[in-house]
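S.K.: Provide a 3D model corresponding to the input given below.
(chains A, B and C)
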Amino acid sequence: MSLLNENEKSRISFGECLTAVHEKTPLIHNITNYVTVNDVANALLACGGSPIMSDEPKDVYEITSICGGLNFNIGTLNERSIEAMMIAGSRAKELAHVILLDPVGAGASTLRTTTAQTIVEKIKPDVIRGNISEIKTLAKGSGTTKGVDADAADTVTEENLDEMVAFVKAFAEKTNAVIAITGAIDLVADADICYVIRNGRKEMSRITGTGCQLSSVATAYAVANPEHKVDAVAAAVCLMGLAGEIGWEKMQEGDGNSTYRNRIIDAIFNMDAKTLEAGAKYEIR
Amino acid sequence: MSLLNENEKSRISFGECLTAVHEKTPLIHNITNYVTVNDVANALLACGGSPIMSDEPKDVYEITSICGGLNFNIGTLNERSIEAMMIAGSRAKELAHVILLDPVGAGASTLRTTTAQTIVEKIKPDVIRGNISEIKTLAKGSGTTKGVDADAADTVTEENLDEMVAFVKAFAEKTNAVIAITGAIDLVADADICYVIRNGRKEMSRITGTGCQLSSVATAYAVANPEHKVDAVAAAVCLMGLAGEIGWEKMQEGDGNSTYRNRIIDAIFNMDAKTLEAGAKYEIR
Amino acid sequence: MSLLNENEKSRISFGECLTAVHEKTPLIHNITNYVTVNDVANALLACGGSPIMSDEPKDVYEITSICGGLNFNIGTLNERSIEAMMIAGSRAKELAHVILLDPVGAGASTLRTTTAQTIVEKIKPDVIRGNISEIKTLAKGSGTTKGVDADAADTVTEENLDEMVAFVKAFAEKTNAVIAITGAIDLVADADICYVIRNGRKEMSRITGTGCQLSSVATAYAVANPEHKVDAVAAAVCLMGLAGEIGWEKMQEGDGNSTYRNRIIDAIFNMDAKTLEAGAKYEIR
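M.R.: Sure thing, here's the model as predicted:
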């Protein structure tokens, strides 16, 4: 296990990852869906990053050039935004910017599946974050899905954890990307190590866009910690889950998913390195 | 009045309608405006449904196929989304999915009026929900409107109620759809019966999107109660109005329309069958 | 200083500006970005205006015709929305409607810079509101920017205030528009007078869209006070800054940028003439 030990040694802490984001204020170019885009912008600002959105092919080359990272989210994709993703992706790659793909709804339609696959093959993102159904669709070329939510049959559980850890590491190796699968149990892996994360609350699935927010925050974390992408993405996943826990604790009688949405972003805003370190629940496999 | 009695007998309660939504978690495909789309998604999740958005012509055939219902909202329509509505509408009709039309701004521009009319004629939606000016525009082929709000001259009042009930029933018969006209007094009718609903608060008009939210929730209610669409849509209208009342009760000094928006969605989230039954204010004509 | 005195005499108070908006409920057509559009709609409703959004070239001629003012915001612009801006702008000009330009990201890309410049030259907006980097880009034909935020090197400070006041008055004279530059110190000027405004809080920059909201509110203020546009826009700038101050006072432990967003819109909703007059912090140069 010498390889794992080397990786262990080169790890940086989640607190260090957070501090780097706060110090560097990474500017992230988001080509994302119009459903959750406002929450994505506020989550990026909350975590210490800075957002810019542009999906016009004639605009994205220059916009992505002034940024540090690029976040693709294929919810509500259209022909124009797909073209914009390809232009921005090529340019970001030339500049060695961090690129993250959130394959929203891959498996639910041919257009979404093929767009996500094309981005993986042609743009070669540094990070791919999705639910288990979306990631399986990318890994296996086909998938089942219930809309934009994961298929229950696909869930990562304590029972299939060894198998899933092996799957995510193998897909990370194949794509040379950090892979983040989020759900009740989250997995964040590169070819060598896999974080198994148990932060978060099931009620987060009653809010639209917590996954989209996480993808943008994870982009900022990877941009600010370019030598430690797997640690940085795992830190972002713990941050989002922990924000979900802290936000839930503040819920009062009569509060529902709209207030919970606000409290989660508020908790991201107020997170410091010490709180993140203390609240992160993970093991490394 | 034997016909009315038969309809009365076949009615299901609003509580039963709500329970069906909670049990079935209907997945709704929304082709909707980008102004209120986030609130629409959170309102659908709050009521027990599940949202998916797609307005790309190459994507909508497959997306609507995996859903249970289709919600058209023509605010911020464009050539691409109109084409997407026609493709999705045809497919949803083939699959006998519930289709709802929210004719936002019909009467305010030729494009909006003709798009709404074309959907009524070609797609034959199961439910049409709008303000009185929008519905009159559809019924009479022309209309007056102040933007996306109803013209004051058109208001449903206690004085013209008999006339308006007759109008809405006639338009329901003509279109073979459930018609919902919302305002200070709400009317929900099919050819035979008309619910006259007095829930809600006038302050709801100071928030953008309560009508859009209602349309998506009404779609979920109709999908979960396919044999009782008029009751289901009336239940959704009462639910939204009651959520407006409950949300308002929680308002504190200094709160305004942004907090009120959150409290209404929260109230939808927390609504149970008993509360809905107790709070619904309606009569049947 | 007779000219200044004449202007001073013809001024109306910020309280009068607010009262006019409340009485007239100006309907504003917004062609704006999809990131902050929901907040723009709610801010317009909060301030006493009424919003409508449309960016389809085939729809905008009629939509803008029924409105009182037109708000252009070039964040997330695309070929379709640029075409729509030109059509709507020409029509609004024919009808002598107030037109405001918010040149989001001018200087960050050629498309944004040239679109903003074209609108200034061809449509001749009545009001231009942006950060200092955006306004300098328009005034000087080129600029530097960090995405959609102002470049720190450009900041209006106590030290360069005289120079900046002269700059903004000169640009107002050249464009025959009211120019509003917002930042730590805000400047609102026509050719003759310049309001120097010190409302607001730095934490407002941690929320997406406070600038976009201000632009829509400023449009409503100018529409309701057509003979006093510079006073009206200055009133709107004070209103927004004061709402930021009032909203911040309500912040409790654990609150962050999402709750702050709500509290600012709530404060706009609750603002009355007396509070605005008492809280406005400005001098006239």
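
S.K.: and the most centrally placed residue in chain A, how far is that from residue A:237?
M.R.: For chain A, the residue nearest the mean C-alpha position is residue A:215 (3.0 Å; Cα atoms, centre = their mean). As for residue A:215, its distance to residue A:237 is 10 Å (criterion: Cβ to Cβ, to the nearest Å). Every C-beta, even on glycine, is put in place using the N, C-alpha and C of the backbone.

S.K.: ok, residue A:208 next?
M.R.: 19 Å.

S.K.: pLDDT value on the nearest residue to the residue nearest to the centre of chain A once chain neighbours are set aside, please?
M.R.: By the measure of Cβ to Cβ, 6 or more residues apart in numbering or on different chains, the closest residue to residue A:215 outside its immediate chain neighbours is residue A:102, 4.0 Å from it. As predicted, residue A:102 sits at a pLDDT of 98.

S.K.: residues near residue A:102, how many?
M.R.: Neighbour count for residue A:102, taken as other Cβ atoms under 10 Å in any protein chain shown: 31.

S.K.: quick one: secondary structure of the residue of chain A positioned farthest from its centre?
M.R.: Within chain A, the residue lying farthest from the chain centre (Cα atoms, centre = their mean) is residue A:253, at 31.3 Å. In terms of secondary structure, residue A:253 is coil; the call rests on DSSP: H, G, I helix; E, B strand; the rest coil.

S.K.: would you mind listing what in chain A touches chain C?
M.R.: A:27, A:34, A:37-38, A:41-42, A:45-46, A:50-56, A:58-59, A:62-63, A:66-67, A:80, A:246, A:250, A:261-270 (Cβ under 8 Å from any Cβ of the partner chain).

S.K.: the residues you listed, buried ones only, as a PyMOL selection?
M.R.: To isolate the buried ones among these in PyMOL, judged by 16 or more other Cβ atoms under 10 Å in any protein chain shown, type:
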select buried, chain A and resi 27+34+37+38+41+42+45+46+50+51+52+53+54+55+56+58+59+62+63+66+67+80+246+250+261+262+263+264+265+266+267+268+269+270
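
S.K.: quick revisit: in the sheet, who's paired with the residue nearest to residue A:215?
M.R.: In this entry, residue A:102 is beta-bridged to residue A:73, by DSSP bridges.

S.K.: list the contacts for it?
M.R.: A:32, A:71-75, A:128-130, A:211-212, A:215 (Cβ atoms under 8 Å, 6 or more residues apart in numbering or on different chains).

S.K.: ok, now residue A:251?
M.R.: Residue A:251 touches A:259-260, A:263, counting by Cβ under 8 Å, 6+ apart.

S.K.: cool, residue A:70 as well?
M.R.: A:28-31, A:64, A:88-89, A:92, A:97-100, A:219.

S.K.: again, but for residue A:256
M.R.: Residue A:256 touches B:46, B:265-270, counting by Cβ under 8 Å, 6+ apart.

S.K.: likewise residue A:22?
M.R.: residue A:48.

S.K.: for residue A:28, helix, strand, or coil?
M.R.: Residue A:28 - assigned by three-state DSSP - is strand.

S.K.: partner residues bridging it?
M.R.: residue A:51, residue A:69.

S.K.: and it, what does it touch?
M.R.: A:44, A:49-52, A:67-71, A:216, A:219-220, A:223.
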